[in-house]
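Chemist: just coords:
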C-alpha cells in the first residue's frame, strides 16, 4: 500500500505481556492507569515513551516543574508527588500501539498494588484504560476509577492546556492544593 510516497506495511496482531513493573511506594496516594504500553514505551522500557504523548507535559504543567527525561528521574518525580503509575492491561493482543486494536485483554493485578500503597483515588488515562479497569478490576476491588482524557497524540482534539485543566483533578488527591 502506498500513501504520500511511503510504503506502509501491514502490521500484525501480536500477543504481548506488560514489560515493566508499576511505579509506586508507601506514600503513593494517586494511581494513574494507562491502557497498555505503546511500542515507543516498550522500546524505552517505561511509561509514556512516545515523544508526542503529552503525559509528561501535562504533569509538568500541573506541578510547575520540569520533568527529567531519563527513567530514574521520571520515577523519582512521580514518587515525590505521591503518584503511582501502571496500566490496566497486563496482557493482550495488539496491533502496534493502537488501543482500538486491543483484544483478549487480561488485567494487571491492581488489587495487589492497592494492598501495598495507600491509594486514595484511581484515574484512568483514556477510555480503553477506564473500560478495562471497570470491566475486569472494579469487580475485584470495589473501587471505581475516574476517567481522564487521553494524553495520547491520537487525542489531537485536546491541547496540552485543555488536558492540564481536566487533569488538575489529580492534584487534591495527591496532596497538592
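Modeler: Thanks, I have the structure now. The shown structure was predicted, so the numbers you read here are calculated from the model rather than taken from an experiment.

Chemist: contacting residues around the longest strand seen in the chain?
Modeler: Looking across the chain with DSSP state E, the single longest strand is strand 89-95. With contacts defined as C-beta atoms under 8 Å, 6 or more residues apart in numbering, strand 89-95 is touched by 11-18, 35-36, 101-109, 129, 132. In this view, the C-beta of every residue, glycine as well, is placed from N, C-alpha and C.

Chemist: mind listing what it pairs with, with the direction of each?
Modeler: Paired strands of strand 89-95, with direction, are strand 13-17 (antiparallel), strand 103-107 (antiparallel) (DSSP bridges).

Chemist: With residue 75 as the reference, measure out to the nearest residue to residue 20 once chain neighbours are set aside.
Modeler: Nearest non-adjacent residue to residue 20, counting by C-beta to C-beta, 6 or more residues apart in numbering: residue 45, 5.4 Å away. Relative to residue 75, residue 45 is positioned 11 Å away (C-beta to C-beta, to the nearest Å).

Chemist: So which residues of this protein form strands?
Modeler: Taking DSSP E, the strands of the chain run over residues 2-3, 6-7, 13-17, 30-34, 83-87, 89-95, 103-107, 121-125, 146-148.

Chemist: The fourth one vs strand 89-95, what angle?
Modeler: Which is strand 30-34. For strand 30-34 against strand 89-95, the angle by axes from the mean of the first three to the mean of the last three C-alpha atoms, to 10 degrees is 20 degrees.

Chemist: Provide the strand pairings for strand 30-34, with the direction of each partner.
Modeler: With DSSP bridges as the test, strand 30-34 is paired with strand 83-87 (parallel), strand 121-125 (parallel).

Chemist: Could you do the last one as well?
Modeler: Here the strand partners of strand 146-148, with direction, are listed using DSSP bridges: strand 121-125 (parallel).

Chemist: any idea how far the partner strand is from the chain center?
Modeler: Centroid separation for strand 121-125 versus its chain: 9 Å, with C-alpha atoms, centre = their mean, to the nearest Å.
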